[in-house]
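*Asks:* Pasted the sequence and its predicted model underneath.
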Amino acid sequence: MKALVEGSKAPAFQAETQDGTTLKLADFAGKTVVLYFYPKDSTPGCTTEACSFRDAHSALLKKGVVVLGVSPDSVKSHANFAGKNSLPFPLLADVDKKIVAAYGVWVEKSLYGRKYMGVERSTFVIGPDGKIVKIFRKVKAATHVAEVLEVIP
């Protein structure tokens with residue numbers, strides 16, 4: 001599969017959210033979408049990143065931005081994570097890993113010499129025309145939201 005680049009059309013997707021609603025990328029046509037991928041609910045880095053998006057949510061809304069979080073966790077796991085951290089945006093349950101594969105963020109990782117497959121923490125800013133405006137790969141959870149805010153007019 002060819003790697004996604006800035007300026008290319010964002011791959012279409014649909015998935016269930018933490019409240020059981022099914023969302024599609026097409027539902028947000030005409031809006032800027034911040035699609036952020038994270039490895040696992042309720043882990044330290046992922047909680048930091050999600051809470052940073054939560055804390056910046058009103059600033060993002062003022063810019064007309066929709067925030068969507070994606071991980072391979074279940075709807076139930078997302079519901080617990082979103083509830084515990086008062087997340088005001090949808091988390092998509094990509095349990096079959098189709099979205100992470102389509103965006104090229106399901107990669108081989110290494111921890112203490114052990115190799116395994118997992119989600120590379122990444123964010124895609126998708127413009128109102130459905131094209132990828134900016135790609136952030138291997139992001140730092142603590143400082144990432146400020147970078148995202150900088151690229152959105």
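*Replies:* The structure has been received and is ready for your questions.

*Asks:* Show me the contact partners of the helix-or-strand element of the chain with minimal mean pLDDT.
*Replies:* One helix or strand of the chain scores below all others by mean pLDDT, DSSP states H and E: strand 106-111, with a mean of 86. Outside strand 106-111, the residues that touch it by C-beta atoms under 8 Å, 6 or more residues apart in numbering are 97, 100, 115-120. Backbone N, C-alpha and C define where each C-beta goes, glycine included.

*Asks:* pLDDT check: weakest of these?
*Replies:* Ranked by pLDDT, these bottom out at Y116 (85).

*Asks:* In space, what's closest to it - neighbours in sequence excluded?
*Replies:* In space, and not counting its chain neighbours, Y116 is closest to K109: 5.9 Å by C-beta to C-beta, 6 or more residues apart in numbering.

*Asks:* Then S42?
*Replies:* F81 (5.3 Å).

*Asks:* what's the burial count for that neighbour?
*Replies:* Counted with other C-beta atoms under 10 Å, the neighbours of F81 add up to 23.

*Asks:* Remind me which helix or strand the spatially most central residue of the chain belongs to.
*Replies:* Centroid check for the chain by C-alpha atoms, centre = their mean gives Y36 as the closest residue, at 1.8 Å. Secondary structure assignment for Y36, by DSSP states H and E: strand 32-37.

*Asks:* Skip ahead from that strand and say which helix or strand is next.
*Replies:* Toward the C-terminal end, the helix or strand that comes next after strand 32-37 (DSSP H and E) is helix 44-55.

*Asks:* picking up where we left off before, any of the contacts of strand 106-111 buried? List them.
*Replies:* 100, 118-120 (16 or more other C-beta atoms under 10 Å).

*Asks:* Save the residues you listed as TSV, and put in secondary structure too.
*Replies:* Putting the buried ones among the contacts of strand 106-111 into TSV (DSSP: H, G, I helix; E, B strand; the rest coil) gives the following:
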residue	secondary structure
V100	helix
G118	strand
V119	strand
E120	coil
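
*Asks:* Just name the closest of those residues to E16, please.
*Replies:* Of all the buried ones among the contacts of strand 106-111, E16 sits closest to V100, with 14.9 Å by C-beta to C-beta.

*Asks:* is it true that that closest one touches R121?
*Replies:* No: with contacts defined as C-beta atoms under 8 Å, V100 does not count as touching R121, sitting 11.2 Å away.

*Asks:* so what's D41 closest to, chain neighbours aside?
*Replies:* Take D41 and drop its neighbours on the chain: the residue closest to it by C-beta to C-beta, 6+ apart is F81, 3.8 Å away.
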